[in-house]
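Engineer: build me a structure from this.
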Amino acid sequence: MSRQRLKDFPRHSKALSWLAGLILILPLALNDACKQQGSNPNSPDRSTIKIGYYGDLSGPTFNFGESAKNGVLMAVEEINQAGGINGRRFDLVIEDDEGRPDRAAKSAGKLIDHDKVIAVIAGGTSGNSRAGAPKAQVAKIPLIAPSATDPAVTQIGDYIFRTCFIDTFQGEVMAKFAFNTLKARKAAILLDFNSPYSRGLSDFFELSFTRLGGQITNKQLYTLNDGDYRGQLNAIRFSNPDVIYIPGYYVNVALISKQAKEMGINQPLLGGDGWDAPELWELGGDSLNGSYISNHYSAEDPSPVIQQFVRNYKLLYGNLTPDAHAALAYDAMRLLADAIQRTGSTEGPKIQEALAHVKDFPGVTGLITINQERNAIKPAVILKLQDRAYVYQETIKPDGLASMSPTPPPKAKPVKAK
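Structural biologist: Numbering: from 1, shown residues only. Predicted coordinates for the structure are as follows:
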C-alpha cells in the first residue's frame, strides 16, 4: 500500500469505521443464514455419507484386502454415478490393517472415532474382522464382514453382519462333495493351527465327513510362517487317504501343493475360499491341477448378473477377473446402500434394523437373506483347479433354500480407472 493512500486514512475515518463494522457483521449474518438454511426441513441434505473400509493391503493376505477394496470402490462409484442415495454421494475412507489383528482393531477405532463413518466394511480374514468388530459394536456402528466365514465374528454383537456363508456350511459342502461326488471314504487333514478360519473349517469338514460314513485317517498341523511341510505330508501319505483337506490360505497352500507333488502324492487336494487368489497359481503352478475348492461364486457362471459384474470389473481394473473377495465386498456395499435407502437414515440403529431384515437381496454371489444370527443364508459352489483356471463343478445349497436366481441390478456405466 502506498504512503499516499496511508495519508488519506484520517480523512475517511467515519467511512472506515462504518466499513469495519460491516466487515464484522457480514460473516455473522452469513453464518446465521446458513444455520437457518440448514435447519429448514425443506432443504435437502447434500452432504456426503462416510463409509469406512479396512483390510490387508500390504501384509500376508494383501490380495484379499485389495480385491475387497476394489469391489467396494466399484460399488461406490456405480452408486454415486447413479445419483447416490437421495442425492447424497458416498465417501469411502480406507485403512490398511497390514493383515494384523492389532492393526485391524486400531483401524476400526480410527474410522469410527476420528473419521466419523456411519458404517464399516471389514475386508479380508475372519481374525481381522473379529478384532475390529468389538469397537463397532460398542459404538453402535454397523460392520459388515464380506468374507469372514468364522461363525464367531457375528456372535460379537447385533451390529455385526456378513455377506458370506459361514464355515459350518462351507466345511459341510466340501465333505458332501468329497463323499458323494468324488466317492472318497478316507480323508486326511492338514490345517493351520493358529488360524481360526483353518481350525473351524477342519472341525466342520471332519464332523460332516464322518457323519456321512467317512473316516479321517490322519490330521497334521502347521503354522503360517512354515515353509517345509514334508514331515506332515509324509505322515499323511502313509495313512493312504483318498483326499487331503487343506483349509488354509493361498500362500501356504501353494507350497504344500508343490511339495506334495514332488513327493509323489497325487490324491486330490481340497480346500476353501482362502485359496482364491491369483498368487495361488503364481506360487503353486501346475501342481494345483486336479484340486477342488468351495467358494462363494464362479466368474464363469453365465447368469446375467454375474457376467455384467465381471465385464464392468474388468473394464475398471485392467482386465482383472474379480475373485470371490471382490464379489462379496461389492455385495456388502450394495447391501449397505440398500439398507440406507430403505430406512432413509444414516443413524446406526436404523441401519442395523434394516440390515437385520434383509431377505432375498439380489447379490452377485447369490440371493442373500440375513438370519437371526446376522449370517448370510446362500449357496456355495465347487470349483476345480485346472490349467490356471477355476472350473465350475456344481452348486450346493443349504437345506431348505429355495431354488431361485437373482435378478440383474440396473446396468451401470463402468468407471475408468484413475
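Engineer: alpha carbons only for contacts and neighbour counts from here, please
Structural biologist: OK.
Engineer: how near is the residue nearest the centre of the chain to residue 380?
Structural biologist: Central residue of the chain (Cα atoms, centre = their mean): residue 146, 3.1 Å from the mean position. Applying Cα to Cα, to the nearest Å, the value for residue 146 to residue 380 is 15 Å.
Engineer: now swap in residue 255 and tell me
Structural biologist: Residue 255 sits 26 Å away from residue 380, taking Cα to Cα as the criterion.
Engineer: among those two, which residue is more densely surrounded?
Structural biologist: Shown here are residue 255 and residue 380; by other Cα atoms under 10 Å, residue 380 has more neighbours (24 against 20).
Engineer: that one bridge partners, please.
Structural biologist: residue 396 (DSSP bridges).
Engineer: let me know whether it touches residue 170 as I believe.
Structural biologist: Yes. Assessed by Cα atoms under 8 Å, residue 380 is found in contact with residue 170 at 7.3 Å.
Engineer: which neighbours do those two have in common?
Structural biologist: residue 294 (Cα atoms under 8 Å, 6 or more residues apart in numbering).
Engineer: the stretch 201-350 of the chain: helices as residue ranges?
Structural biologist: When assigned using DSSP state H, counting those that start in this stretch, the helices of the stretch 201-350 of the chain occupy the ranges 230-238, 250-262, 278-284, 304-316, 324-343, 348-356.
Engineer: now distance to residue 179 and mean pLDDT too, for those helices, in CSV please.
Structural biologist: Written out in CSV, the entries for those read as follows (distance: least, Cα to Cα, whole Å; pLDDT from 0 to 100):
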stretch, distance to residue 179, mean pLDDT
helix 230-238, 19, 97
helix 250-262, 21, 95
helix 278-284, 26, 89
helix 304-316, 29, 95
helix 324-343, 25, 97
helix 348-356, 35, 98
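Engineer: so which of those is the most packed in?
Structural biologist: Each of these was assessed for mean neighbour count using mean count of other Cα atoms under 10 Å. The highest is helix 324-343, with a mean of 24.
Engineer: is residue 241 in contact with residue 187, as I believe?
Structural biologist: Yes. Using Cα under 8 Å, residue 241 is in contact with residue 187, at 4.9 Å.
Engineer: tell me, what's touching those two both at once?
Structural biologist: When Cα under 8 Å, 6+ apart defines a contact, the residues bordering residue 241 and residue 187 alike are residue 217.
Engineer: which one of those two has more residues nearby?
Structural biologist: Here residue 241 and residue 187 are compared on neighbour count by other Cα under 10 Å; more neighbours surround residue 187, at 29 against 20.
Engineer: what packs against the helix or strand containing that one?
Structural biologist: Residue 187 is part of strand 186-192 when elements are defined by DSSP states H and E. Contact partners of strand 186-192 among helices and strands, from 3 or more Cα pairs under 8 Å, 6 or more residues apart in numbering; DSSP states H and E: helix 196-212, strand 215-222, strand 243-245.
Engineer: how many residues are close by residue 85?
Structural biologist: Residue 85 sits with 19 neighbouring residues when counted by other Cα under 10 Å.
Engineer: and it, what are its phi and psi?
Structural biologist: Torsion angles at residue 85 (phi, psi; degrees, to the nearest 10) stand at phi -110, psi 110.
Engineer: nearest residue to it other than its sequence neighbours?
Structural biologist: The shortest distance from residue 85 to any residue other than its chain neighbours is 6.2 Å, reached at residue 341 (Cα to Cα, 6 or more residues apart in numbering).
Engineer: from what I can see residue 383 touches residue 299, true?
Structural biologist: No. Counting by Cα under 8 Å, residue 383 sits too far from residue 299 to count as a contact (10.5 Å).
Engineer: what about the helices in the stretch 51-200 of the chain?
Structural biologist: According to DSSP H, counting those that start in this stretch, the helices that the stretch 51-200 of the chain contains are 62-81, 101-109, 126-139, 167-176, 196-212.
Engineer: put the alpha carbons of the second one into PDB.
Structural biologist: Okay, so that is helix 101-109. Backbone C-alpha positions of helix 101-109 (Å, rounded to 0.1, in the frame of the first residue of the first chain) are rendered in PDB as follows:
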ATOM      1  CA  PRO A 101      -5.400 -58.200  14.300                       C
ATOM      2  CA  ASP A 102      -4.000 -55.400  16.400                       C
ATOM      3  CA  ARG A 103      -3.800 -53.100  13.400                       C
ATOM      4  CA  ALA A 104      -7.400 -54.100  12.500                       C
ATOM      5  CA  ALA A 105      -8.600 -53.100  15.900                       C
ATOM      6  CA  LYS A 106      -6.800 -49.700  15.600                       C
ATOM      7  CA  SER A 107      -8.100 -49.200  12.000                       C
ATOM      8  CA  ALA A 108     -11.700 -49.800  13.100                       C
ATOM      9  CA  GLY A 109     -11.200 -47.300  16.000                       C
END
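Engineer: gap between it and the chain center?
Structural biologist: On the basis of Cα atoms, centre = their mean, to the nearest Å, the separation between the geometric centre of helix 101-109 and that of its chain is 16 Å.
Engineer: for it, which positions count as buried?
Structural biologist: 101, 103, 104, 105, 106, 107, 108, 109 (16 or more other Cα atoms under 10 Å).
Engineer: just give me the closest of these to residue 159.
Structural biologist: Taking Cα to Cα as the measure, residue 159 sits nearest to residue 108 out of the buried residues of helix 101-109, at 13.7 Å.
Engineer: skipping adjacent residues, who's closest to the closest one in space?
Structural biologist: Counting by Cα to Cα, 6+ apart, the residue nearest residue 108 is residue 132, at 5.2 Å.
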